[in-house]
Every structure is written in structure tokens, then in C-alpha cells.
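# Let me see the structure of the following:
(chains A and B)
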Amino acid sequence: MALHTPSPDQLAVADELLALLRDSTTEPRPDDQLEALTLAVAADLPVLLWGEPGIGKTAALTQLAESLDLPLTTVIASVHEPSDFSGLPVIGDDPAEQGVPMAPPDWAVRLVKAGRGLLFLDELSTAPPAVQAALLRLVLERRIGALRLPSGVRIVAAANPRASAADGWELSPPLANRFVHLQWTHDHDVVVRGLGGTWPRATLPRLDPERLPNAVDHARRAVCGLLATRPTLVHRLPGGETRRGGAWPSPRSWEMSLRLLAFASAAGSSREVISLLVRGTVGDGPGLELLASLDRMDLPDPETLLADPAGAELPERGDLRQAALDGVVAAIGARPEKARWDAAWAVLARAAETGAPDLVVVPATTLAALRRTEWDVPPTIERLAGAVSMSRRADEAAALVARGARSVAGAR
Amino acid sequence: MRTITGARTDTREGGGTGVVGAGAGPDASAAAGAEAGPGAGSRTGSVLDRDKLFAARLFAVRARPYLATALFALHVVESRRVPTMAVDRHWRCYVSPVFVNRTPVEELAGVWVHEVSHLLRDHHGRGDRVARERGLTGPGARLLMNIAADCEINDDVFGDGLVMPEDAVTPGSLGLASGELMEDYLSRIGLGAGMQHLAWLDCGSGADGLEREWDLGTDGADGLSKQQQDAVRFRVAQAVKSRPGNAPRAWKRWAEEVFHSPQPWRDLLGAAVRSAASASGAGEDYSYGRPSRRSAGVPGAVLPSLRRRPPRVMVIVDTSGSVSDAELGGALLEVAAISRAVGGRRDLVTVMSCDAAARTVHPLCSAEGIPLVGGGGTDLRAGFARALRTAPRPDVIVVLTDGQTPWPEDRPSCRTVVGLFPRDASRGGSWIENDPDYEPDTPPDWARVVTIG
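Residues are numbered from 1 along each chain as shown, chains lettered A, B, ... in the order given. Model prediction:
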């Protein structure tokens, strides 16, 4: 490389190179974590993004602000002092007469004037404890000094995971309970493709005005249905060091889940997104139970199946199909009548003909046990012959193993 | 899952005249086999005998009721290109019709359970992680992963109603101890001469994460999404927990850990010590003791300034006979590293050994380790009392113990982190001759407890 005296031209060339490097295109790509973030922000719940440094949290927030058309205010918590968030005490002429006002920082004043915006509190985990304490008042009460943030301002915070946090930042259970916790990870393919010049453009969920009443109804049924049968899930403080600082179930976080469910179903979001949101609000175990009960809500209604056995539409997936058949048999058990019993056999026969017959065996056994002495066996039952012989075949194999049990045990 | 029947079939059907080879021929297609009718099993191996396959699944469900949800959730795909039975990471189960025809129902049931175990235990995800962490590439490494995963499964899924075939890969057959995880087995086996007979082993991408040419892939029909897989795992875990008497120990351990990975104790201990050392009252925080550096610019405002006081950490080491030297050494090194990371200078970290009485106190200045004195019974109350009497008083007390000790009645006046070496109560940790019912107290509520190891 030859050495030249630096000249203004060189800087122009450098600018050209920089422009080329900046030149990148975007492609649409569904992004579950961004969709979950958008829904939580839309639902006006404080979100806490957990992620390693340099993983693209800030970039995601920029994109979110753009798509929601909200001005973005980023505040790096670790370079501020507590008085920046609780207000600077400014002593006036006569403190005894007028008091000491707590003056807010300029970005807060601008936010309040604008009336709307996205406030991003970055690097929460590297701020000293006193700054964190002041920040939490901002997040929870929306107050900065004497100012109160208008409701059009949405707040998102970001923190590094405990393992990589340089300081002792962690949430106490009451504070953790007020956040929607989203784990922020990077997608290897997205990064490689992005550095190659094509960044993803997330398609953001749109709330459908026509779905709103149904969405509220659906969310209420899901949460209430689960909590009615599982009272211990309503409130459970996290125990043990592993789950400290994360999401846990309480009436407050269940209400947040309900709200998020309603938003997700109004937006028509996928189960993956709902899973991220619910597990980030009430924790993994209760969240999974809620998702499981959502699955059950999607099963066909047993009474509908009984009303028209010939046209019964059963789920394709085996475990769901058996759950639906169990529901049918349980409905007969709840209200045993001869006609309903016959209809149930017809449903089982249809199930045996349209899918794997082994699924039918257990429901059929239970249904047979519900028979009253005066009831005749319906002719439909012959259509279940395949399932019966299959059951016999399994019995024979079991008997074979039982006879050979000694030798099997010996082989071990 | 060729482990189970491959070799035997060769002898049964005449010296390996390409039963598998015929299956992998060019005309093979991975079509979903809906065309097979009942009684197809009597013909020679070209049509999938679904009745036999599902009878085997029924058998498996009866033998292992807690796996029912997972077994039923598998989507069966007839495929002539798989050697036996295989699964992919989307919970599809590829079945070779030839294999079904030549295998008895009771053995097929074992194969079902074996294949679904790969998926429940997330062997493909764990395989990917191991491959990334250890830099493993290529089919050879994936084959080893499959063998290691089979070892993890086969040492406890069989028996109790399910037949274990003679040629299944077990830890015992490779000369390893049973009851360990895939990752552990993987680091102990290599592709040596003894492994040649396993080179044809193949449980599909669900077992080792390597995509096969017969895989229907992410875009194919009838796969389970990640959330659906989690839901199935969750339900199986609930079923295992709800009938604790029936499930083998490995499944119970799996059910406990499936949604809570085993504690990363280094991280947890680090977080606990950091949190204790830097909470207000110790370490870095604002104080009004001196004017802020900003004060000059804001006349009239009262500003706090940043002051730093490194925390003093006292490590109490339980040196009673029940704690092994290796355990103590490892944990002590961790604590020393952590306290340096929080800014505790080495001279501010002190170590005290304590059994039934508090022993000498050593600063952590010398790198050559600290003499740990003791070996008798345990009473950590003496250690606490001594630690709180030292001047200057520590900001944090870290206790490393097996927990076989009485604890102080009252909360001490500084933050406490307990690093606990787990002890199996049934193995009889502490025992008092005069009082067979004696049970040592659990660590108190006021301490943050991290289980180590």
C-alpha cells in the first residue's frame, strides 16, 4: 500500500464506502419474539427484555417504534444518576415558603409534551442499585420528579441475564411480578443473512376490530376455566434460587395473561407467540397448563359430535383425537341415555375408520362399562372389530412377555 | 433403532440378503402409507402392516401409560428408505414396512417407546447444542451421538413388560456405567474398532439432529411445532409426576428437570454472592458524604455522589468429615473467583474452617490454598458467631456445607449465601446413635441457598 498525504478527497471516498456498507435490503420474515414484544407493548404492559449484550435488543426496539409510529426515547440507565429519574432538587429563593421542586430531565419533559412515545430503558442491569430503585418507580408509577408520563407513553426495559450481569442486579419477586419477561435471543440464520445484506422485516400483528368481543370472551374463558379447576395455580411465590427474578403466578400476573391472550387472539397470533407471552408472565409451569387448556378448548364439543356422529370431524393428531373421544365418553357418563350411548359408539366407529384404531380401544372399554343391563348392544359396534382384534393382539403379546418375563429378567 | 433387531433379522431371513438394501432402493418413496389394509402383514414385506404397528403402540401404551400422550402424538409416515424405525425433530415417525413385518409385536412396542424417548428427551436439540459447544461436525460425530443417546435410553426403558433385545446398545455393552446422560456417554466413546458393528445404527434426525434425506423437513405436513412439542412433554411430565410409584427413576428425574434444567450452580452461586456483595450497604452506591462532581454545574441543587466501598467477604467452610476435599476445593475456588469479580480485593476475602468449633481465619492472599482444619462433627453456629465477632465485620458470609449442621436461631446481621452440597437422605448422611430419628435442620429462610454439584 502506497502512502499518500491525506486529502479531503479521501474522506469522500470513505463516505462512499460507508454508504455501500449501509446499503442493505429487507425481506419479510415472521418473527415470534418481535410479535410478542409488539403485543405486550400494545397491551400497555411493562416489558423486560432479557438478553446478552450486543444481541440486537436496541435494533428491535428501533424497528418496533418505527412500525408503531411512536417516537423512540432511549435512556441508558447506567450512565445516569438517581436524581435524573427521581428529579433534581433545585433550591429556589425561599424553600421554606415554596418548597423544593424536583426538576425532571429534558427527555421527560419532551415526552410529556409529545404525549406519546416509546421509552426504552437500556442497560438496567449495569446501573447501581440506587439508580435501579429510582427507575422502578418510573416504570411502575410512571413518575419522573414532579412529572407524570401520559398514558400514550409505553415503557420497555432491557437487562442482561443474571449470569452475565456485572453487578448484583436482580428483581425481587414483587417487582418481577409486574413485568412481562421476554427472553431475547438471536437467530443464527437471520444474523448471517443480515450481515450479507438482507435484514428481516417483521410482519407485525394488526388487531382486528371485529374480533375484539370474541377475543375478550375467549381469554376470559381460558383463564377462568383453568383457575376454577386448579386453585393452587392462582398464587405461587417462586421458591429456590433457580427461578428467582423470573415470572411467577399471582392474581396480578394472571390478569396480565388474560389481557395478553385477548390481544393475541384479536391479532390472530400463533401459539408460539402466545406461549412466549404467557410463560413470560405467569412462569413456565402455569403457562404451559394454560396452553394445554387452550388446546382442550380447541377440541370439538362432545355434544356436537354426538349430535352428528356420521359427520363428526375429529382432530388428526392422535393425542388430541383421543382427548376428544375421552370427552365424548365422559359426556355419556355425565348423562347416560340409550340414544346418546348409541351415538357415542357411532363416533368411536368413525374414529376407528378415519384414523389409527388403537386410539379407540381405551375410550371403547370405558364406554362399554357404562352400559345398563336393559340396553342392547348397537350394530355399530361391529365396525369396531378391527380395534377389538388389535386389543386382543396386544393382550397376546403381553401374555407372551409375561411368560417370558423370567428370561427377560435373566437377560438383564 | 436398528440397534434392536437389525442383526437378528439378518440371521432369521437368511444371511443379510439385502432386506435393508431392498428397502433403500431407488424406487423407494417416503409416502404416507394410508393404502395398507388389514391383513397386509401376511404378505411379504412391501405393504405397511398398520394393524400390527398400532397393536404394538397399544401394547406400549399399556406398559407405559404415562407415555400415552407422546406415543399418540407421533405421526406415522411409511417410508422404504428408513432401515427400521426413525423419528425426525418434528415428531414424525418413519416406519419401514419390511421391518414391521419381520418384528414381533412385543419388540415393536419396545421400539415405539425407544423412539418416543429420543423425542421426549430432546436428543436432537441437545445434540445440536453439544455439537456447537464441542465443535463436532460430520456424520461420524452424529453417529456417536445416536449411540450415546441410545445408551441413555436403553439402560432403563426396557424390562417391566417391555422386552429388551439382545443386541440393543446399552452402557453395559460398551463397558460404561449406567444411569448417565447422553452428553456424558458422548465424551467417553469414540469411533474405534469396537464400534464398527454399530455403524449402521440410525434413529433419524430426532435422535441426533442430523437431517436425513428421507426427512419431510420443516415444511412437510403433520409436524409438531415447538410449542406443541413442549405441550406434549409437559403433559407426559405431569403424568409421570402423578403416578410416582410406576415410573422408573430416570423418567422421574426427567419429569422434574424437563422444564427446569438442572441448576447451573456456578452461575447461581455467582449471582447470589454478587447480589449479596453489591446490595446497598456494601460496594458501590450513591452517598451524600461528599458533594457530587456535577455540583459545580448546577448551583443550588443538592446532588449525591458516587462512592465505592469493596465488600468484605467471609467464607465459612464446613470441614466436618462428611464433606469431601474435592467438593470443598472446587467450591472454594469458585467463591474466590466470584469475590474478585465483584471487586472484593483478595485481602478482603477471608476463609474460616469450621467443624464443631470455629478454627483459624485466613486471608485469601496466598495463592497456594488455605489449610482447612477439622474433620469432626459439625456445628456452624460457632462459625457464624466467630465471623460476626471479627473486626471489621464482613458484609457477606458465604457458607459451604453439606447442611448436616444446626443453624443459628436468628438472622445474622449481614447477608448470607449458603452453598449446599446435596446429600441423599436415604443414604444416611448424619445419624445419631441415641436418636435414630434425628434429622439435621434445613438451611434457614434468611439465607440464599444454592445447591452445588
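# If you count neighbours, what's buried in the host helix or strand of A:Leu212?
Using DSSP states H and E, A:Leu212 sits within helix A:212-229. Neighbour-count burial for helix A:212-229 flags A:215-216, A:218-219, A:222-223, A:226-227 (criterion: 16 or more other Cβ atoms under 10 Å in any protein chain shown). Placement of C-beta: from N, CA and C, glycine included.
# Output these as CSV; include the columns pLDDT.
What follows is the buried residues of helix A:212-229, written out as CSV (pLDDT from 0 to 100):
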residue, pLDDT
A:Ala215, 92
A:Val216, 94
A:His218, 92
A:Ala219, 93
A:Ala222, 92
A:Val223, 93
A:Leu226, 89
A:Leu227, 91
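# Output those in JSON lines, with distance to chain B appended to each entry.
Converted to JSON lines, the buried residues of helix A:212-229 look like this (distance: Cβ to the nearest Cβ, whole Å):
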{"residue": "A:Ala215", "distance to chain B": "19"}
{"residue": "A:Val216", "distance to chain B": "23"}
{"residue": "A:His218", "distance to chain B": "17"}
{"residue": "A:Ala219", "distance to chain B": "18"}
{"residue": "A:Ala222", "distance to chain B": "14"}
{"residue": "A:Val223", "distance to chain B": "17"}
{"residue": "A:Leu226", "distance to chain B": "13"}
{"residue": "A:Leu227", "distance to chain B": "17"}
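# Let's have those residues in a markdown table, adding distance to A:Arg383.
As requested, these are exported to a markdown table (distance: Cβ to Cβ, whole Å):
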| residue | distance to A:Arg383 |
| --- | --- |
| A:Ala215 | 41 |
| A:Val216 | 43 |
| A:His218 | 36 |
| A:Ala219 | 40 |
| A:Ala222 | 36 |
| A:Val223 | 40 |
| A:Leu226 | 36 |
| A:Leu227 | 41 |
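# quick one: which of those residues is nearest A:Pro71?
A:Ala215 (28.6 Å; Cβ to Cβ).
# Contacts only, for that closest one.
Contact analysis of A:Ala215 by Cβ atoms under 8 Å, 6 or more residues apart in numbering or on different chains lists A:261-263, A:265-266.
# residues touching the residue nearest to A:Ser270 when sequence neighbours are not counted, list them.
Once flanking residues are discounted, A:Ser270 sits nearest to A:Asp32: 7.1 Å by Cβ to Cβ, 6 or more residues apart in numbering or on different chains. Contact partners of A:Asp32, counting by Cβ under 8 Å, 6+ apart, are A:270, A:272-273, A:276.
# Can you pull the residues of the stretch 251-400 of chain A lying near chain B?
A:270-272, A:274-275, A:284-285, A:288-289, A:291-292, A:295, A:316-319, A:321-322, A:356-359, A:361-362, A:386, A:389-391, A:393-394, A:396-398, A:400 (Cβ under 8 Å from any Cβ of the partner chain).
# Okay, and which of those residues map to helices?
Counting by DSSP state H, the part of those found in helices is A:271-272, A:274-275, A:284-285, A:288-289, A:291-292, A:295, A:318-319, A:321-322, A:358-359, A:361-362, A:386, A:389-391, A:393-394, A:396-398, A:400.
# Give me the buried subset of those residues.
Applying 16+ other Cβ under 10 Å to those flags A:271-272, A:274-275, A:284-285, A:288-289, A:291-292, A:295, A:318-319, A:321-322, A:358-359, A:361-362, A:386, A:390-391, A:393-394, A:397-398 as buried.
# could I get the contacts of A:Asp32 as TSV with pLDDT and distance to A:Ala59?
Shown next, in TSV, are those (pLDDT from 0 to 100; distance: Cβ to Cβ, whole Å):
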residue	pLDDT	distance to A:Ala59
A:Ser270	88	23
A:Glu272	89	21
A:Val273	92	20
A:Leu276	92	19
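# Am I right that B:Cys93 is in a strand?
Yes: according to DSSP: H, G, I helix; E, B strand; the rest coil, B:Cys93 belongs to a strand.
# How many residues are close by the residue nearest to it when sequence neighbours are not counted?
Closest residue to B:Cys93 apart from its sequence neighbours, by Cβ to Cβ, 6+ apart: B:Leu74 at 4.4 Å. If you count neighbours by other Cβ atoms under 10 Å in any protein chain shown, B:Leu74 ends up with 25.
# How about the contacts made by B:Leu74?
By Cβ under 8 Å, 6+ apart, the neighbours of B:Leu74 are A:318, B:87, B:91-93, B:115-116, B:119.
# can you check B:Trp254 too?
Neighbours of B:Trp254 in contact, by Cβ under 8 Å, 6+ apart: B:120-121, B:237, B:240.
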